[in-house]
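Peer 1: Kindly return the folded structure for what I paste below:
(one chain, ligands or ions: 1)
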Amino acid sequence: VPLKPETAMTMKLYFAPGACSFVPHALLETIAAPYEPVLVKLHKGEQQQEPFKSINPRGQVPVLVDGGQVITQILAIVSHLDAKYPEQGFLPKEPLARTRALEALAG
Ligand SMILES: N[C@@H](CCC(=O)N[C@@H](CS)C(=O)NCC(=O)O)C(=O)O
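Peer 2: Here you go, the predicted structure:
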């Protein structure tokens with residue numbers, strides 16, 4: 001059965017409550033982006049089990065899947081969302097301010 005187009009195109013965010021996945025999670029919620037949140041129960045070890053382990057062999061959230069592409073790492077996900085929704089101003093446009101924001105996120 002072919003996937004419905006809207007199912008195929010909807011972003012997915014794999015997240016865990018109280019984890020650092022709150023960063024991209026907050027961005028997606030703030031703009032009411034079309035995405036499907038997928039809960040990964042870290043306390044039950046789901047990050048080390050299938051199906052998640054195949055999605056991110058590092059066994060960590062957050063993971064954003066967009067257009068079938070798996071994106072890991074908060075910095076990469078935030079940069080991706082900033083590029084995808086430039087009008088939202090998730091990251092500063094001015095080069096040094098942008099660098100400092102990325103620096104803070106990496107910390
Ligand atoms: N460098 C990674 C860090 C991700 C990370 O540390 N995720 C934690 C939650 S805050 C995690 O999934 N931990 C599960 C585990 O270590 O088993 C990123 O930027 O995404």
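Peer 1: Just to check, Glu46 is in contact with Val40?
Peer 2: Yes - assessed by C-beta atoms under 8 Å, Glu46 is found in contact with Val40 at 5.1 Å. (Each C-beta comes from the backbone N, C-alpha and C, glycine too.)
Peer 1: Between the two, which has more neighbouring residues?
Peer 2: When neighbours are counted by other C-beta atoms under 10 Å, Glu46 and Val40 differ, and Val40 comes out ahead with 23 against 18.
Peer 1: any common contacting residues for Glu46 and Val40?
Peer 2: Residues touching both Glu46 and Val40 (C-beta atoms under 8 Å, 6 or more residues apart in numbering): Phe52.
Peer 1: Close to the ligand: what parts of the chain are there?
Peer 2: By C-beta under 6 Å from any ligand atom, the residues of the chain that approach the ligand are Ala19, Cys20, Leu42, Gln47, Gly59, Gln60, Val61, Pro62, Gln73, Ile74.
Peer 1: any idea how far the last one is from Gly89?
Peer 2: Okay, so that is Ile74. 18 Å (C-beta to C-beta, to the nearest Å).
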